[in-house]
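Chemist: following is a predicted model, sequence given first.
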Amino acid sequence: MMCGSVTKKQARALKTLANAALAEPSENLAAPSGAGKLIPAAIIAAGILAYVNSLKAPFLFDDRYLIVENEHIRRLWPIWQSLVHTSRPTIQLSLALNYAVGGLNPWGYHAFNIAIHICAALVLYGVVRRTLLSSPLRQRWGAVAPWLAGMIAAIWVVHPLQTESVTYTAQRGESLMGLFYLLTLYCVIRLDASPRGMAWKIAAVASCLMGMACKGVMATAPVTVLLYDRSYLSSSWGEVMRRRKGLYAALAATWLAYPLLLAQATVEWKGSAGFGQTGVSPLVYGMTQPSVILHYLWLTLWPDPLCLDYGWPVVKGIGEALAPGIAIAGLLAAVVWAWRRKPAWGFPGVWFFLILVPTSSFIPIADVAFEHRMYLSLAAVVALGVAAMVLAGQPRSSKGSLRIPRYAWVACGAIVLVMGALTVRRNADYSSPLAMWEATVRASPGSPRGQYDLGTSLEHEGQNEAAIAHYQAAIQLSPNYSDALANLGHLLAMAGKPGEAMVYLRRALAIKPDIAEAHCSLGYALEQQGSKREAISEFEQAIRIKPDYAEAHNNLAIGLAEEGRTQDAIEHWQQALRLDPELSDAHSNLAYALSLAGQTREAISHYDQALRIKPDNTQAQINFAKLLTTAPPADGGNPSRAVALAEEACRLTGNRDPSYLDTLAVSYAAANRFSDAAGTAQTAFQLAGSTGQTELAKQIEVRLQSYRDRRR
């Protein structure tokens, strides 16, 4: 994990918070009073302090598809347009609200995520407090209920295992589903003793339905709430049905919405989860999950390092699954035994495992392990840990009302402080895609996707050699990783290794023929090898697959221009710029073609655009200088500006390109600076001769004599 720094100011603030939130009260009362009324405020402040450094994190990973490229969030009204073409309309509507307020500024999305998480922590506080005040627990736990609930919620809200559900914008679905899950339970708890029963019942069903429209994990909520009812609110199943059978029928009815929601899922999503998922069988997936769940449990105690993308390997046989399977089977047996004997004590274990059923059982999902799946289950581990800590400090003979030992206050305060600091540090990994993927590969070097995404981040930063190494690592881990093969081929082609590039590009296209980028890169490699017609064919194929692919239009135009089809080339460059007005090379290439066609002013305009976008585009500088040198003043010719452009191009290339120096000499002569022209031409002549460019040297020698004669 990348070690982000925690400032002393933040650490002091977290420590103060822990003391304020968890300081021992003067009176042990069931309801918050005095200092106890500050507990919710302390939870809010803890959440803000832990996550405030996440507000500037950029979009990364799936944010690109769900937010940056998601056209369905671009309009908030009519509202139903935000609710279609997705199996998670609640999430999409929330993203549309963010877009309506702040466009694609990540700050607003992160602020919204933090607000969701803090609201969920406050509801968790209410659920735990009222649970401790329920009939089975009130006598022993009621006096400390507000304080214990505050401890649990404070630890839960700052625990770094939650960062994936909060700081990673796309995983808003987990925290938003978690909020509605907790709200559903809270509404049922309030319904139990409220004279406004119908209002709480409607709120519970509405929350459940909204949660269903977030993630499939919500399908467990009706069962979880039913088991909670039997554990804390009702003395028998008969009482449960007698008092609330209508409620549970309504909650169960929300399941009917799920098939309708799934029907709206994209084809890609449908293939990534469920029994139709082809990557791994239900049996192998189920055999792998015990080790994953044990890892989750370890992270609740020691959340370091955390990993965005594990690339968790599935088990290869019964031997690998045996020990973890026995451990999880033992835990499940203990939970069942505890719940049957004392439901109030067994329920946290039921909560933990039941919520994990949709993601961590026999229902295959493309990604075997993800930390955000622990968002709600973590609450059970924290609650049991805090309760055990309090019980351990009670006198052995004591059966009456509990008091919280002083060491428990200190321990919980320290946990809030440490976990909050670790969350601040983990948020630093989200500061850039490069930082995140470096942290991911450190934590899980065996993740093919982690290696691939680190490669893409390095490529984006211009570190192509390092990117190549990580693409190769991804391919070694997953030989049929088509995207890694395509990207590696692209970089090799850019590095002037067309033969090697073509091997990887053809492999990528054999696996996945519709990768437009691979066709475009293959065309570039073929062009380097002189196969012009084959290159044009590949560029055309890339455009057929992806008509809005500006780079392919640009490359096709180059190929067409080299075949003498100038007008066709101009049309494709113009199309490229309609698709991407900031494509510097397309502006430069179009300008060159227009200059050859005699459209000087249009050419000058496009050269200006090319250099505005990319000031160090030396080819554009030198071609622009040639045009300004030769064009009549009436058409925009300007020898003085030509000199400035050529001087900059030569400087950027270290004065080692004889053709660039030749252009500079011509520009000097056009500006009547013949001495500078002769000196520069002499240098260009010698450099061309020493590098074997004899034809260019002969041309420069002729011009050199003209400059000495003060002729252009």
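Modeler: Cool, got the structure. Numbering: from 1, shown residues only.
Chemist: give me the buried positions along whichever helix in the chain runs longest.
Modeler: In the chain, assigned by DSSP state H, the helix with the most residues is helix 106-132. Neighbour counts over helix 106-132 (16 or more other C-beta atoms under 10 Å) mark 106, 108-132 as buried. The way it works is simple: take the backbone N, C-alpha and C, and place the C-beta from them, glycine included.
Chemist: what's the answer for stretch 562-573, then?
Modeler: Residues of stretch 562-573 classed as buried: 569-570, 572-573 (neighbour count, 16+ other C-beta under 10 Å).
Chemist: residue contacts, residue 288?
Modeler: By C-beta atoms under 8 Å, 6 or more residues apart in numbering, residue 288 lies in contact with 280, 312, 314-315, 321, 368.
Chemist: please, where are all the strands along the stretch 351-500 of the chain?
Modeler: In the stretch 351-500 of the chain, no strands are found when defined by DSSP state E, counting those that start in this stretch.
Chemist: which elements pack onto the longest helix of the chain?
Modeler: helix 39-51, helix 89-102, helix 145-158, helix 163-166, helix 172-192 (3 or more C-beta pairs under 8 Å, 6 or more residues apart in numbering; DSSP states H and E).
Chemist: what about these, which gets the closest to residue 670?
Modeler: With C-beta to C-beta as the criterion, residue 670 lies closest to helix 89-102 of the helices and strands packed on helix 106-132, at 51.3 Å.
Chemist: picking up where we left off before, in TSV: the helices and strands packed on helix 106-132, plus distance to residue 614, mean pLDDT and mean neighbour count.
Modeler: Shown next, in TSV, are the helices and strands packed on helix 106-132 (distance: least, C-beta to C-beta, whole Å; pLDDT from 0 to 100; neighbours: other C-beta atoms under 10 Å):
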stretch	distance to residue 614	mean pLDDT	mean neighbour count
helix 39-51	37	97	22
helix 89-102	29	94	20
helix 145-158	45	97	28
helix 163-166	37	98	26
helix 172-192	36	97	25
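Chemist: need those in TSV (columns: distance to residue 561).
Modeler: Listed next are the helices and strands packed on helix 106-132 as TSV, based on distance: least, C-beta to C-beta, whole Å:
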stretch	distance to residue 561
helix 39-51	53
helix 89-102	40
helix 145-158	60
helix 163-166	49
helix 172-192	47
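Chemist: wait, which of those is closest to residue 650?
Modeler: Among the helices and strands packed on helix 106-132, the nearest to residue 650 by C-beta to C-beta is helix 89-102 (45.1 Å).
Chemist: hmm, who's touching the closest one?
Modeler: The contact list for helix 89-102 (C-beta under 8 Å, 6+ apart) reads 66-67, 70, 72-76, 79, 82-83, 86, 108-109, 112, 172-173, 176, 180, 210-211, 213-214, 261, 264.
Chemist: low-confidence stretches in the chain?
Modeler: 1-35, 265-279, 397-398 (pLDDT under 70).
Chemist: tell me, how many residues neighbour residue 599?
Modeler: Other residues lying near residue 599 total 17 when counted by other C-beta atoms under 10 Å.
Chemist: in stretch 235-242, which residues are buried?
Modeler: residue 240.
Chemist: hmm, who's touching it?
Modeler: Contacts with stretch 235-242, where a contact means C-beta under 8 Å, 6+ apart, come from 226, 229-230, 233-234, 248.
Chemist: how distant is that stretch from the center of its chain?
Modeler: Stretch 235-242 has its C-alpha centroid displaced from the chain centroid by 46 Å (C-alpha atoms, centre = their mean, to the nearest Å).
Chemist: got the CA coordinates for that stretch in CSV?
Modeler: Presented in CSV, the C-alpha positions along stretch 235-242 are these (Å, rounded to 0.1, in the frame of the first residue of the first chain):
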residue,chain,number,x,y,z
SER,A,235,-40.6,-14.4,21.5
SER,A,236,-41.7,-17.0,18.9
TRP,A,237,-42.3,-17.5,15.2
GLY,A,238,-46.0,-17.5,15.9
GLU,A,239,-45.8,-14.0,17.4
VAL,A,240,-43.8,-12.8,14.4
MET,A,241,-46.4,-14.0,12.0
ARG,A,242,-49.3,-12.8,14.1
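Chemist: please save the CA atoms from stretch 175-195 in CSV.
Modeler: The C-alpha trace of stretch 175-195 is given here as CSV (Å, rounded to 0.1, in the frame of the first residue of the first chain):
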residue,chain,number,x,y,z
SER,A,175,-22.7,2.1,0.6
LEU,A,176,-26.1,3.3,-0.8
MET,A,177,-27.4,-0.2,-0.7
GLY,A,178,-26.0,-0.5,2.9
LEU,A,179,-27.8,2.7,3.9
PHE,A,180,-31.2,1.4,2.6
TYR,A,181,-30.5,-2.0,4.2
LEU,A,182,-30.0,-0.4,7.6
LEU,A,183,-32.9,1.9,7.1
THR,A,184,-35.2,-1.1,6.4
LEU,A,185,-34.2,-2.7,9.6
TYR,A,186,-34.4,0.5,11.6
CYS,A,187,-37.9,1.2,10.3
VAL,A,188,-39.0,-2.3,11.5
ILE,A,189,-37.5,-1.7,14.9
ARG,A,190,-39.3,1.5,15.2
LEU,A,191,-42.5,-0.1,13.9
ASP,A,192,-42.4,-2.6,16.8
ALA,A,193,-43.3,0.0,19.4
SER,A,194,-44.7,3.0,17.5
PRO,A,195,-48.3,4.2,17.4
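Chemist: before we move on, back to that, in CSV, list the contacts of residue 288 along with secondary structure.
Modeler: Shown next, in CSV, are these (DSSP: H, G, I helix; E, B strand; the rest coil):
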residue, secondary structure
280, coil
312, coil
314, coil
315, coil
321, helix
368, coil
